[in-house]
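Participant: need a 3D model of the sequence below.
(chains A and B)
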Number of protein chains: 2
Amino acid sequence: MLIGFDELKTTTKKAFLNLGLDEEQAEICAHVHCSSSADGVESHGINRVIRFADYVGKGWINIKGKPKLLKAKGVSENYDGELGIGVINALFCSERSINLAKEHGLGLVSIKNTTHWMRGGTYAWKIAEAGFIGINWINTESCMPMWGSDVQSVGNNPFCIAIPRENGEVVVDMAMSQYAYGKLGVYRLAGKKLPFPGGFDKEGNLTSNPALIEESRRILPTGYWKGSSLALALDLAAAAISNGLCGSDMDKNNHGSCTGCSQIFIAIDPYLFGTHDEIQGMFNRRIEAVKKAHSIDENHPVKYPGESTLERRKKSMSEGVNVDPTVWEKVCELANKTNKK
Amino acid sequence: MLIGFDELKTTTKKAFLNLGLDEEQAEICAHVHCSSSADGVESHGINRVIRFADYVGKGWINIKGKPKLLKAKGVSENYDGELGIGVINALFCSERSINLAKEHGLGLVSIKNTTHWMRGGTYAWKIAEAGFIGINWINTESCMPMWGSDVQSVGNNPFCIAIPRENGEVVVDMAMSQYAYGKLGVYRLAGKKLPFPGGFDKEGNLTSNPALIEESRRILPTGYWKGSSLALALDLAAAAISNGLCGSDMDKNNHGSCTGCSQIFIAIDPYLFGTHDEIQGMFNRRIEAVKKAHSIDENHPVKYPGESTLERRKKSMSEGVNVDPTVWEKVCELANKTNKK
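Facilitator: Sure thing, here's the model as predicted:
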């Protein structure tokens, strides 16, 4: 179903206020969750509001937690997230990386002991929209088998890279599994098969049926062995640079998705060594070349990453945001509860 | 066929000397090419010596070129590679990134106008062996279709990340295609099919036959759309940070693989915010958890990235390095030529 962005955000904000978030927190979280849905990333947008509520209820997310500076050196800063709201912590770190990059040409911010940032692309887009190259990633509890294993043994550790092209940002936001669990849920809710095999069923056969993969928990790493290798390296790097928990430490805590995780935010000035015109000119040449590449389907020209997101955002803003009715019903329930606080 | 490392290196060095490289250059290049073969990456080791010779002959590689500092800011340096020997330029940049990280906790080195670095992992291993987290990547000419296209429109832009674990480095060295062209050649030479589909044949069918993919040039991005998206973003980032050529600029020059490319080297102190014992302890806990994960094949325990490389290196050093006989014949020919210079 389609819901206007303003209505979606107002209702979602009420839901967050009912969880005890203050006005500013609720405003930010509602904006981020609704924007992710508007961008077409429902899995980490509105679909996650109820799980967030559940985690707050269990005490796995501490809504009073705030990023605390532990140490700074040169272009780098390290924070303790105090198990605060992941979205707010991550937005704060993105801003710090941008400010460090404004000063030094490059900024590296690490945060440990934080919680689920929802959609990694939120922060990549933010850094790119501020005019910087953004690189950010997170580690998660084990939710994907290492290649060669049939048990969950590594996180799907999303990795994002964003390019501040003024004629349309180029943004990659990729999970290390071929499909994130959130995406499996979107396909299952829509009654659809995955476009390509996304994991194994309980018997060890590759399958495109999202429900069978959710059941077996044997999600397929993107690029087979490559995805689980990269996921492991990103986990180690995030935990080292933040001096935080690695994926297997989180497994022991067993406090749901990403609770206590480590995140990295890098912002780089694209004009460190070239002029504005040189760099933006190169961005445009490169993207034009991609868009001119011969397409296998004349009705679908080749796109650069981020292009569909911008189109979808525009469409959502004019026609309404697509929301799963079951999900929406639950968010409305939460919004309409008498405030218990 | 198996050849002892010392014999391999001595002969390869002679071949490089015959191309006009000086003593130091020939020593370094022979060591790097032979070490890559010893590590099991034949595609970018000995198999590339003849193509290197070809490029030197065509003037696409300038053996007198040296990295020239163009600009430095804070933790970052930018070099012009003068189309010099890619391996030597890249080793130089790795060292600079390490030295900057020693001073500032993080170092970022970009180089433009350089040539093929052969195996990206060479530099990731180097940074990790020096005790730093390494992240490095390169852009290449278009050699892979963007997702949705049937023509080469993006590079396969390898991305490496390395973790300085003292009990065995964790190193990921991944092309953005499911298999690099070099790897297709290795399988074709060995008369083998690829373990998984690696591209499309001329009719547009997914295939595991390496020769059919070499013919169509429709290599498969790793993770379908993910691989070509990440490749494009890495291209833009490398060209921006180095103020160098992007992939489509290289396409216009049409001077073979990676000639005039841009490369990025990042070194990060793993002890920026944690102690040696905290960080190495975490690395060990994480890797132990991976190695304990249940394997689908009891004869093949789950491995971390880099583990097989270390095993292969040890085996090559004791039993000899595996070299394709056709390739070896050509290297020996080059080594035995009367020095024309």
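Participant: mind listing the helices for the stretch 1-150 of chain A?
Facilitator: Using DSSP state H, counting those that start in this stretch, the helices of the stretch 1-150 of chain A run over A:5-18, A:23-38, A:49-58, A:86-104, A:121-129.
Participant: the fourth one packs against which elements?
Facilitator: So that's helix A:86-104. Applying 3 or more C-beta pairs under 8 Å, 6 or more residues apart in numbering or on different chains; DSSP states H and E, one finds that helix A:86-104 contacts helix A:23-38, strand A:76-80, strand A:106-114, helix A:121-129, strand A:133-138, strand A:261-268. For the C-beta atoms, the positions are set from N, CA and C on the backbone; glycine is no exception.
Participant: how about low-confidence regions in the stretch 1-150 of chain A?
Facilitator: For the stretch 1-150 of chain A, no stretch has pLDDT under 70.
Participant: tell me the SS of the residue in the stretch 51-200 of chain A positioned nearest to chain B?
Facilitator: Across the stretch 51-200 of chain A, no residue is closer to chain B than residue A:153, which sits at 3.6 Å (C-beta to the nearest C-beta). Judged by DSSP: H, G, I helix; E, B strand; the rest coil, the three-state class of residue A:153 is strand.
Participant: and the spatially closest residue to it that is not a sequence neighbour, what does it touch?
Facilitator: Nearest residue to residue A:153, sequence neighbours excluded (C-beta to C-beta, 6 or more residues apart in numbering or on different chains): residue B:293, at 3.6 Å. Neighbouring residues of residue B:293 by C-beta atoms under 8 Å, 6 or more residues apart in numbering or on different chains: A:145, A:146, A:149, A:151, A:153, B:302.
Participant: what residues does the stretch 51-200 of chain A put near chain B?
Facilitator: Within reach of chain B by C-beta under 8 Å from any C-beta of the partner chain, the stretch 51-200 of chain A has these residues: A:70-71, A:73-76, A:78, A:104-106, A:108, A:110, A:133, A:135, A:142, A:145-151, A:153-154, A:161-163, A:165, A:170-172, A:174, A:178, A:196.
Participant: circling back: can you say which of the helices of the stretch 1-150 of chain A is packed in most?
Facilitator: Looking across these with neighbours counted as mean count of other C-beta atoms under 10 Å in any protein chain shown, the highest average goes to helix A:121-129: a mean of 25.
Participant: now the contacts of residue B:293 in CSV, with neighbour count?
Facilitator: Listed next are the contacts of residue B:293 as CSV, based on neighbours: other C-beta atoms under 10 Å in any protein chain shown:
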residue, neighbour count
A:145, 27
A:146, 28
A:149, 23
A:151, 16
A:153, 27
B:302, 24
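Participant: now, among the residues you listed, which is nearest to residue A:259?
Facilitator: residue A:153 (18.5 Å; C-beta to C-beta).
Participant: and residue A:200, its phi and psi?
Facilitator: When read as degrees, to the nearest 10, the backbone of residue A:200 gives phi -110, psi 150.
Participant: so what's the nearest residue to it once chain neighbours are set aside up against?
Facilitator: Leaving aside its sequence neighbours, residue A:200 sits nearest to residue A:218 (C-beta to C-beta, 6+ apart; 4.0 Å). Neighbouring residues of residue A:218 by C-beta under 8 Å, 6+ apart: A:145, A:150, A:199, A:200, A:201, A:202, A:204.
Participant: sorry, back to before: show me the one of the helices of the stretch 1-150 of chain A that comes nearest residue A:210.
Facilitator: helix A:49-58 (17.5 Å).
Participant: could you list the residues in contact with that closest one?
Facilitator: With contacts defined as C-beta under 8 Å, 6+ apart, helix A:49-58 is touched by A:12, A:15-16, A:19-20, A:29, A:33, A:61, A:63, A:115-116, A:255-257, A:259, A:327, A:330-331, A:334.
Participant: tilt between it and helix A:86-104?
Facilitator: 100 degrees (axes from the mean of the first three to the mean of the last three C-alpha atoms, to 10 degrees).
Participant: any idea how far residue A:220 lies from chain B?
Facilitator: The gap separating residue A:220 from chain B is 9 Å, by C-beta to the nearest C-beta, to the nearest Å.
Participant: any idea how far that residue is from residue A:318?
Facilitator: Look at residue A:220 and residue A:318: by C-beta to C-beta, to the nearest Å, they are 36 Å apart.
Participant: next: residue A:133.
Facilitator: 30 Å.
Participant: those two: who's more crowded?
Facilitator: residue A:133 (26 against 9; other C-beta atoms under 10 Å in any protein chain shown).
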